[in-house]
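**Student:** next input, structure requested:
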Amino acid sequence: MNKKSENETLNTDTTTAAISSIKNSSTGGIGSLIKLLPTGTIFLFQFLNPVVTNSGHCKTSNKYLTSILLLTCGFNCFFSTFTDSYTGSDKKRHYGIVTTKGLWPSPEPTSSVDLSKYRLRAGDFVHAALSLLIFAILGLLDTNTVHCFYPSFESTQQRLLQVLPPVIGVFVGWIFVIFPQHRHGIGYPVTTDDSHESSRISNNTEESPQNPTHNV
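**Tutor:** Numbering: from 1, shown residues only. Model (predicted):
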């Protein structure tokens, strides 16, 4: 009896450790994919999802609310890909929607921003599709979503979370080599771009004295 109990305890500990390892690797893989999505949208989803799903204990109203949340966040991820921003002469960040001619609304006439580099490109549609795909993995395989819509899928969920993030990560990385992402759209972290650099250089030039001389 003692040996049997020890074996059962050992098997339970092994299973628990395996599940914990799967969750840790899944969290790491999902975390690397989340970086490719709009920060605000992902924060909104992770904050509201436990609320609208009642932590996975869904009624009919919870399912409707969860569906609305998934559709809204998915649309935001898709739409944000078609936005961009630039640093204006007022040193502020200006956002706009990408069009075939540039940004809308357009920069001020006095701005030195080159509109041609902000025009709509084929790569934008590829990035939008990838963003939607990544969010679908994040949203539909979330534990609360699984418990709400398809609880019998929970055993398969862990295997998919273990396999899909690395596979999608390699695929997305390969696509981004072919179609590099240079946009700084709504919800994405702002990094240094050409308009910011030109604005900074212009400001430094204005502040520095012209042809300084030092008489001894």
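**Student:** centroid residue for the chain?
**Tutor:** The residue lying closest to the centre of the chain (C-alpha atoms, centre = their mean) is Leu37, at 1.0 Å.
**Student:** how many neighbours does the closest residue in space to that one that isn't next to it in sequence have?
**Tutor:** Across the structure, with C-beta to C-beta, 6 or more residues apart in numbering as the measure, the residue nearest Leu37 apart from its sequence neighbours is Cys77 (5.5 Å). From N, CA and C alone the C-beta is placed, and that goes for glycine too. Cys77 is surrounded by 26 other residues when neighbours are defined as other C-beta atoms under 10 Å.
**Student:** report the separation between Cys77 and Ile134.
**Tutor:** 8 Å (C-beta to C-beta, to the nearest Å).
**Student:** coming back round to it: wait, a helix at the residue nearest to the centre of the chain?
**Tutor:** No - with DSSP: H, G, I helix; E, B strand; the rest coil as the criterion, Leu37 is coil rather than part of a helix.
**Student:** return the residues in contact with it.
**Tutor:** With contact set as C-beta atoms under 8 Å, 6 or more residues apart in numbering, Leu37 has these partners: 77, 131, 134-135, 138.
**Student:** mind running it again at 10 Å?
**Tutor:** With C-beta atoms under 10 Å, 6 or more residues apart in numbering as the criterion, the residues that contact Leu37 are 45, 73, 76-77, 80-81, 130-132, 134-135, 138, 187-188.
**Student:** got it, and Thr39?
**Tutor:** The neighbourhood of Thr39, defined by C-beta under 10 Å, 6+ apart, consists of 80, 187-189.
**Student:** so what's Leu65 closest to, chain neighbours aside?
**Tutor:** Skipping the residues right next to it in sequence, Leu65 comes nearest to Val52 by C-beta to C-beta, 6+ apart, at 4.0 Å.
**Student:** all strands of this protein, in order?
**Tutor:** Per DSSP state E, the chain carries strands over the ranges 83-87, 93-98, 103-104.
**Student:** with mean neighbour count, distance to Leu115 and mean pLDDT as extra columns, can I get those in TSV?
**Tutor:** Converted to TSV, these look like this (neighbours: other C-beta atoms under 10 Å; distance: least, C-beta to C-beta, whole Å; pLDDT from 0 to 100):
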stretch	mean neighbour count	distance to Leu115	mean pLDDT
strand 83-87	22	9	88
strand 93-98	16	10	89
strand 103-104	16	6	86
